[in-house]
Each structure stands twice: as C-alpha cells, then as structure tokens.
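Undergrad: Here is my input; please provide its structure:
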Amino acid sequence: MQILVVSTWYPTRDAPFRTPFITRHVRAIARDHQVHVIHVQLLNDSPVTQETYDGAAVTRVGFDPRKPLTIVKALAEIRKWVRFSDVVHTMAFSSALIAAPIVGRTPWVHTEHWNGILFPEHVNQLWERTAWLRYVLRLPRVVTGVSTLMTRELKKFARPGATQLIGNVVDHAPQVTPITDDGALRLIGVGAVTEHKGTLLAVDTVEWLRRHGHDATLVWDGDGPMREQAEERARELGIGDHVDFRGFRSTERLRQDLAESTVFVLPSKSETFCVAAAEALAAGRPVIMGDRGGQRDFITERNGRMVSERSPEAFGRAVLELSQSVSAATPDEMARDIRARYGSDAVSDQLNELYRGAVGGGRSR
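TA: Just a heads-up that it's a prediction; the model follows:
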C-alpha cells in the first residue's frame, strides 16, 4: 500500500534527537509499504522542501496560523499527496487537527503520542480549557494509542470500536552487556532536563544515596531549560563530581552509556509510553520511575519499580530494593521480553493488520 504519514513531530538534520519514536514508526511501516512523510512545521513559514531522511521520502512544509498563506500552502500539499495514498496515517494530536479538513474518504488512521491527551493539566491552562478538541478523534477510522492508559483515554473521544493498542518501536543494540557487579550504583536518566522529567529529584536521589553510604553516581543524557539549575543543585549538595549532564547523545553513545549503567531512573510526573525506559530494559537495565503513565504496560516487579511518592528517599529506597532483589530478572531476560513485545518486526506486523482493517472498513465518515 501507499501510506501517507502526516506529522507535526519529526526529526530534522539540525535536531535529530527530536521525537525519534516517530521515525521508528515510519521505519516499521516501510518494511512492507511505500511511505511518504509530510512534516508540518508548526509556527514556521518555510517553503515546501523535499528530502530523504532516515531512508524515507519527507516533504517539509511550514504552517503558521499567524500567516494564512502558509496554511493554504500546507493544506494544498497534504491534499496533493492524499490523492495518491491508500491510507493517511497522522501521528500526534496537532496533526489530526490539521489533516481533518482534507482527508476526505481516504481511510484515515491516527496514532496518538502526546501526553497532553492524557493529562491536560500538565500542559497549560489554555489547553485545559480547549481539551474538548480531542473529539476530532471521532473522525479517523482507526485510532491507536501507544499504551493501555492512552488507549483507554482515547476511547472517550474516538468512535465506538475504533481504538487499538500498538506500542512504540523500541530500538536496541544487538547484544546485552552484563551489569558490572562491583557494588556501585551507576544511575542513568534519559530525557529533557525539565521539571516534568524530575531531573532535580534525580540529583537529590543521588545525594540521598551517597549520604547513606552508597557509591551512587548519575549520568543524564538529554538537555533542556533546567540543565544549569540541575548542575548548580549538584554542586550545592556537594555531589558535582558524581553527576554528569551529557546533553543529547547519538544512538551509539546512548547505548554505551546504558551499557555502563546499573539502573535507569526517571522520576517524571507522567509518561505516555516512555521509549527511554523501554530501551533501558532492552539494554538489560532495570527501571525506576514514577507511577503515572504508559510505563505500567511493561514495568513489573522483576524488572523495575514504580514510585508514587516524589521524594529522594522514596526513589533512593527503590534503587536499593531493586539492586538487592533476589527475584529480579537477569539483563538477558529483561531484554528478551521487551524486544519480543516492541521490536520493529512486531510493530510492523500489527500495522499490516491495522491497515488491512482500515482499508476494508467502509467509508471514513
């Protein structure tokens, strides 16, 4: 089939670290189908450009509501490609809003990744007041969520029987590196350096562990507006030499950082799925996170802990409990289970079935 992917989220050559889970979804589609991607660049007035990115043909087009001509150009570009497509597959909520007027009778599939669908209060007051716009999801023929929690929420807005669960594609290295058994607690966090991701809480957790006699360190792969504040917090706590903020990392360097760690810690307030946590498990590293979000689909007592209390002591005790657990899965067991469930081939097979059902499901609306 010819699949047209429309997304407002997509990496660029200047920002390859941005929403990589979208490109992995596209790669899974491309295993058995022809794919063209339209990246709608919000609040941008760039002209239409064509390129190949990560093996896929990508059209990039600006879309700025403050400049009506950019809206006209973007919709015309999408409409042009819709005419040659068997299925339109939008990804992320804002993409559905843009595509809604022009999909027409072409079978439409939507995949939702945005945490704001689950927790409008975590975005801003404007979105809290306009979250009724989620009812636009009644228009696609099929709506998929990347976690059980997301799919359950989508059922409130999609047409009856239209929702399905298809998880994110989890990337991983071919081999699992054993965890070094030297007693050190080498924590790793991966994500934006923000309050929502709990970066300061991760720093405080290292201080709590060291204050209680444990050789704990933290590597944080990612960048964000709170990086300087987090580094200053580590220095104030006297652990500046034991906390390393490395910024955004390439896939190879991230895999190396995971291989050198003993446990993944991300005290985020909520997650839609948390690809970073799943990839830590695929690397054979146990996971400690907050208890709100789609990570509940794959974190178990054998491979991690979910912490309800947002305090350094609660997360520190979870690290100690997990590191001392005699029933914890081995690195190979953790990796095998998550790879079987969310590997690229597994998601490709689910997408094939999804598209067959969408094409055979009658008129879009």
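
Undergrad: from here on, contacts and neighbour counts on C-alpha atoms
TA: Fine.

Undergrad: My reading is that residue 143 is in a strand; is that accurate?
TA: Yes - counting by DSSP: H, G, I helix; E, B strand; the rest coil, residue 143 is located in a strand.

Undergrad: My guess is it contacts residue 162. True?
TA: Yes - with contact defined as C-alpha atoms under 8 Å, residue 143 reaches residue 162; the gap is 5.9 Å.

Undergrad: The two: which has the busier surroundings?
TA: Using other C-alpha atoms under 10 Å as the criterion, residue 143 and residue 162 rank with residue 143 on top: 29 against 19.

Undergrad: For that one, give me the pLDDT.
TA: For residue 143, the pLDDT comes out at 97.

Undergrad: quick one: contacts for it?
TA: 109-112, 137, 154, 158, 162-164 (C-alpha atoms under 8 Å, 6 or more residues apart in numbering).

Undergrad: Neighbours of residue 84, how many?
TA: Neighbours of residue 84 (other C-alpha under 10 Å): 12.

Undergrad: So it: helix, strand or coil?
TA: Assignment for residue 84 (three-state DSSP): coil.

Undergrad: and it, what does it touch?
TA: Residue 84 touches residue 2, counting by C-alpha under 8 Å, 6+ apart.

Undergrad: Same question for residue 215.
TA: Applying C-alpha under 8 Å, 6+ apart, the residues near residue 215 are 183-185, 209.

Undergrad: follow-up on the earlier one: I'd like to know which of the contacts of residue 143 are buried.
TA: For the contacts of residue 143, a burial check counting by 16 or more other C-alpha atoms under 10 Å picks out 109-112, 137, 154, 158, 162-164.

Undergrad: got JSON lines for those, with distance to residue 266 and secondary structure too?
TA: Below are those laid out as JSON lines (distance: C-alpha to C-alpha, whole Å; DSSP: H, G, I helix; E, B strand; the rest coil):
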{"residue": "109", "distance to residue 266": "31", "secondary structure": "strand"}
{"residue": "110", "distance to residue 266": "28", "secondary structure": "strand"}
{"residue": "111", "distance to residue 266": "25", "secondary structure": "strand"}
{"residue": "112", "distance to residue 266": "22", "secondary structure": "strand"}
{"residue": "137", "distance to residue 266": "30", "secondary structure": "helix"}
{"residue": "154", "distance to residue 266": "25", "secondary structure": "helix"}
{"residue": "158", "distance to residue 266": "31", "secondary structure": "coil"}
{"residue": "162", "distance to residue 266": "32", "secondary structure": "coil"}
{"residue": "163", "distance to residue 266": "29", "secondary structure": "strand"}
{"residue": "164", "distance to residue 266": "27", "secondary structure": "strand"}
